[in-house]
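Asker: Structure for this input, please:
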Amino acid sequence: MLFRSKKQTVRLGDPIIVSVTVSNQAPQVEDVDLNATEWGSFEVTDPDGKTLPYVGPLYQVMVNKAAVQPHSTVTIKDALDLTDKYLFQKAGRYSILLRGNRIGFSDSPAIAIEVTAGRLSEIDDVFVSLLPVCPNGWYLSKGLHGVVEPFGRGFAINFTRHPMQREIVGLWFAKEEVKVDPNQQPPFKMEYLGHTRGQFVFGSVDENAPALWPTAFEDISRALQITTQKSLA
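Answerer: A predicted model of the protein is given here:
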């Protein structure tokens, strides 16, 4: 398995783009899962020697097998941004490897990425501010980043306790002003929370989340210093 970074040195806050290919040196055909990198398949060690937790999106992924012919190579990912899956919070040297157990291959050799001084991206800046208010037993994750419907360009961040039991508090951040439909129906009724850091903020509390975290929007608004000067209702 070959795991490469497009750049060996990146500035803090910039994307960390990697590619993943597998080569089959065996005389027989081997199967590979093309979705093997969708979850926490990487082991990322920060400059202090700590392993970074996976904080990427939580969703179901179907196995997508492809046959790797003998003495041939298959590309699994050509341009994967690791900052979508892990929180690179400080400058320094990071060690990154791809675990091969999910795709039936050996682990990749570790590569070193030097992260130089810079500023956190918009989504990471918000993510770091939300970490202190994440309740025990909940998981804070990055969601969609790019075009977030129906808000145009922006990003999403989710607090999840148990997704299958409807225990989620979702947040959407958008540059553009969007009016919220007052006639929305559960389970994904969105509420305009206010404005912060150049973003309009919207929230949604899943069906069983209020009993577990009744002050979610208040805690989030305080952590992000959200102002409510403008109503989009």
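
Asker: Only C-alpha atoms from now on, for both contacts and neighbour counts.
Answerer: Fine.

Asker: lowest average confidence, helix or strand, in the chain?
Answerer: Ranking every helix and strand in the chain by mean pLDDT, DSSP states H and E puts strand 139-148 at the bottom, with a mean of 75.

Asker: Give me the residues contacting the next helix or strand after that strand.
Answerer: Using DSSP states H and E, the helix or strand that follows strand 139-148 in sequence is strand 152-162. Residues outside strand 152-162 that contact it (Cα atoms under 8 Å, 6 or more residues apart in numbering) are 123, 127, 134, 137-148, 167-176.

Asker: Can you list the residue ranges for helices in this protein?
Answerer: 122-130, 216-224 (DSSP state H).

Asker: any idea of the mean pLDDT in the last one?
Answerer: The one in question is helix 216-224. Averaged across helix 216-224, pLDDT comes to 97.

Asker: Next one: the closest residue to Gly137 other than its chain neighbours from Thr215, what distance?
Answerer: Nearest residue to Gly137, sequence neighbours excluded (Cα to Cα, 6 or more residues apart in numbering): Arg161, at 6.3 Å. The spacing between Arg161 and Thr215, counted by Cα to Cα, to the nearest Å, is 15 Å.

Asker: When these two are compared, which one has more neighbours?
Answerer: Arg161 (19 against 10; other Cα atoms under 10 Å).

Asker: Give the residue spans of this structure that score low on pLDDT.
Answerer: 1-2, 59-61, 102-105, 144-152, 180-182, 184-188, 229-233 (pLDDT under 70).

Asker: which residues touch the residue nearest to the spatial centre of it?
Answerer: Nearest to the mean C-alpha position of the chain, by Cα atoms, centre = their mean, lies Gly56 at 2.7 Å. Going by Cα under 8 Å, 6+ apart, Gly56 touches Trp39, Gly40, Asp84, Lys85, Tyr86, Ser141, Lys142, Gly143.
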